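Student: Quick check, what structure comes out for this input:
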Amino acid sequence: MPLWRMREALARGETSAAELVDAHLAEIERSNPRVNAFVEVYAEQARQQARQPLPGPLSGIPVTVKDSFDLAGRVTWCGSLLRREERAAQDSNAAARLRAAGAIVIGKTSTPEFLYYYETDNRIIGRACHPWDPSRTAGGSSGGEAAAIAACMSAGGIGSDGGGSIREPAHFCGICGLKPTPGRVGAGGHWPVIGHPAGFMGVGGPMARSARDVRILFETLAGWDVRDPFSAPVPVRWGRTGTRLAIWRIEGVQEECAAAVDRAARLLAGAGFAVEEFDPPLFERAHELWRVLFVDFITQNLRAMTAGREDELAWTGTELMKEARETVDINRLLAVLGERDALRARLLERLGAETVILAPAFGTTAYPHRQPPMPILEAARPLTPANLFGLPAMVAPAGVDRNGMPAGVQLIGAPYEDERLIEVAETLEKIQGDEWRQAKLFPSHTSSTI
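Tutor: So this is what the prediction gives:
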């Protein structure tokens, strides 16, 4: 069941929280040895909470939390042995909101070391595997979360995204994931700490098997967070009107990733959306600026933090560091931030609140472990403008590639138009239902079928 159906079944008395928790724990026992998504499973604690679940919009629903969000009394590993002593004193904002809504946290899900790669593998539990094909990666850095949700070991949960870390795993695993506008979902209690000078690029956001589930989780997670310097008390507002779609075509992405965009555009146009082409000259510089902040600047800080302890690092803790190209001093940092702000203002003037950009979710679909078919930062090019400019972006499934692996599409909107993206994703979901799993995507010069 998707999360929304579990909630209806509970409300009608067709199941109980205890039955849902037991069903999920049984699925974890059955599937996790193959998928390896969990750092920790809280079986007895979850069963105890299920006996008397707290009231709320998620009462009795089993959820998971990416292991970069604090849970009181638990180590926040973030995929690294170097953090073995980092036991949280209190819940993160996201975990506290889930629990206050009555959700039952059944486990924490795995990440690459320091969340710093597009595959989930670490020296704590090893690699997370794709639920459809364990020889392939589930993505990263929210790869454990995506795999757990896709494998029905979790009804939904929370991930984080500074360079596509919600969206790439969602695309790989065939689920939905929202990177909100910075500040819509409070990131207090997340590690790395989301703050200045480049913390505006990283956010926490909901992940689930359906867009309708993402709506429910977003309603729960959105709100003011005193620990998040970007937090904004923006109310949740549904019923957006006047939406128009602009297609962003990106050269160099895998053919099926481009074909997924064509298919989604055709379906949404049939539902009445006006569709036009998006010519993104302002996006062309965005990826390079993001790279200075996310790769060059963060790498020099990680190298300083891990100096003398390099032998304890996993390969995912160092792989992106190899891509660093320059030292970022204060003058370079201020110049990049200034250029970013100027480009962002020009983009938002042109975009308008009603435009939703429809784009590839990533440069490739799920690939065999450690064997990306193209340079990883080139594959990430569709993702990074939303991080640099602080735009909400959502991934939803749209078909499967020639190997039967899921392929999603990305929706990008204006700041604080998160609800508009969810509503477009819900429309796409209603049109195709679960039939996207049979939609074979072909190169863009041929047609695809539902």
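
Student: quick one: the residue nearest to Glu319 when sequence neighbours are not counted from Thr111, how far?
Tutor: Spatial nearest neighbour of Glu319, chain neighbours left out: Tyr117 (5.2 Å); criterion: Cβ to Cβ, 6 or more residues apart in numbering. No exception for glycine: its C-beta is placed from N, CA and C like everyone else's. Applying Cβ to Cβ, to the nearest Å, the value for Tyr117 to Thr111 is 9 Å.

Student: Counting neighbours, go ahead and name the busier of the two.
Tutor: Of the pair Tyr117 and Thr111, Thr111 is the one with more neighbours under other Cβ atoms under 10 Å, namely 33 against 28.

Student: Can you tell me the number of residues neighbouring the nearest residue to Arg244 once chain neighbours are set aside?
Tutor: Closest residue in space to Arg244, ignoring its immediate chain neighbours: Ala274 at 4.5 Å, by Cβ to Cβ, 6+ apart. Using other Cβ under 10 Å, Ala274 has 12 neighbouring residues.

Student: same question, Lys322
Tutor: Around Lys322 there are 8 residues (other Cβ under 10 Å).

Student: cool, and Glu284?
Tutor: Counted with other Cβ under 10 Å, Glu284 comes out at 11.

Student: Isn't Val203 up against Pro182?
Tutor: Yes - here Val203 reaches Pro182: they are 5.4 Å apart, a contact under Cβ atoms under 8 Å.

Student: ok, the two, which is more surrounded?
Tutor: Between Val203 and Pro182, counted using other Cβ under 10 Å, the more crowded position is Val203 (31 against 25).

Student: Next, the contact list for the more buried one, please.
Tutor: Ser160, Asp161, Gly162, Lys179, Pro180, Thr181, Pro182, Gly183, Arg184, Val185, Ala187, Ile194 (Cβ atoms under 8 Å, 6 or more residues apart in numbering).

Student: these two touch, right, the last one and Asp225?
Tutor: No - judged on Cβ under 8 Å, Ile194 makes no contact with Asp225 at a distance of 10.0 Å.

Student: Mutual contacts of these two, please.
Tutor: Shared contacts of Ile194 and Asp225, counting by Cβ under 8 Å, 6+ apart, come down to Ala187.

Student: on that earlier part again, return every residue with contacts to both of Tyr117 and Thr111.
Tutor: Among the neighbours of Tyr117, those also in contact with Thr111 (Cβ under 8 Å, 6+ apart) are Gly140, Ser141.

Student: For the contacts of Val203, pick the one with the most neighbours.
Tutor: Lys179 (35 neighbours).

Student: how far out from the middle of the chain is the strand or helix carrying Leu217?
Tutor: Following DSSP states H and E, one finds Leu217 within helix 211-221. Distance of helix 211-221 from the chain centroid (Cα atoms, centre = their mean, to the nearest Å) equals 13 Å.

Student: That helix packs against which elements?
Tutor: helix 3-11, helix 93-100, strand 156-161, strand 176-179, strand 203-208, strand 393-400, helix 418-432 (3 or more Cβ pairs under 8 Å, 6 or more residues apart in numbering; DSSP states H and E).

Student: Can I get the shortest one in PDB? Just the C-alpha atoms.
Tutor: This file holds the C-alpha atoms of strand 176-179, laid out as PDB (Å, rounded to 0.1, in the frame of the first residue of the first chain):
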ATOM      1  CA  CYS A 176       8.900  10.300  -5.600                       C
ATOM      2  CA  GLY A 177      11.100  12.800  -3.800                       C
ATOM      3  CA  LEU A 178      10.900  16.500  -3.200                       C
ATOM      4  CA  LYS A 179      13.800  18.900  -2.700                       C
END
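
Student: Packing partners of it?
Tutor: Partner elements for strand 176-179 (3+ Cβ pairs under 8 Å, 6+ apart): strand 156-161, helix 167-173, strand 203-208, helix 211-221, strand 393-400, helix 418-432.

Student: so what strands line up beside the following helix or strand past the helix holding Leu217?
Tutor: For helix 211-221, the following helix or strand on the C-terminal side (DSSP H and E) is strand 244-247. Sheet pairing here is set by DSSP bridges, and for strand 244-247 it gives strand 274-277 (parallel), strand 355-360 (parallel).

Student: Which one of those lies nearest to Cys257?
Tutor: Closest to Cys257 of the strands paired with strand 244-247, according to Cβ to Cβ: strand 355-360, at 4.3 Å.

Student: The closest one versus helix 418-432: what angle between them?
Tutor: Taking axes from the mean of the first three to the mean of the last three Cα atoms, to 10 degrees, one finds strand 355-360 and helix 418-432 inclined to each other by 60 degrees.

Student: list the buried ones in stretch 302-317?
Tutor: Leu302, Thr306, Leu313, Ala314, Thr316, Gly317 (16 or more other Cβ atoms under 10 Å).

Student: Cheers, nothing more for now.
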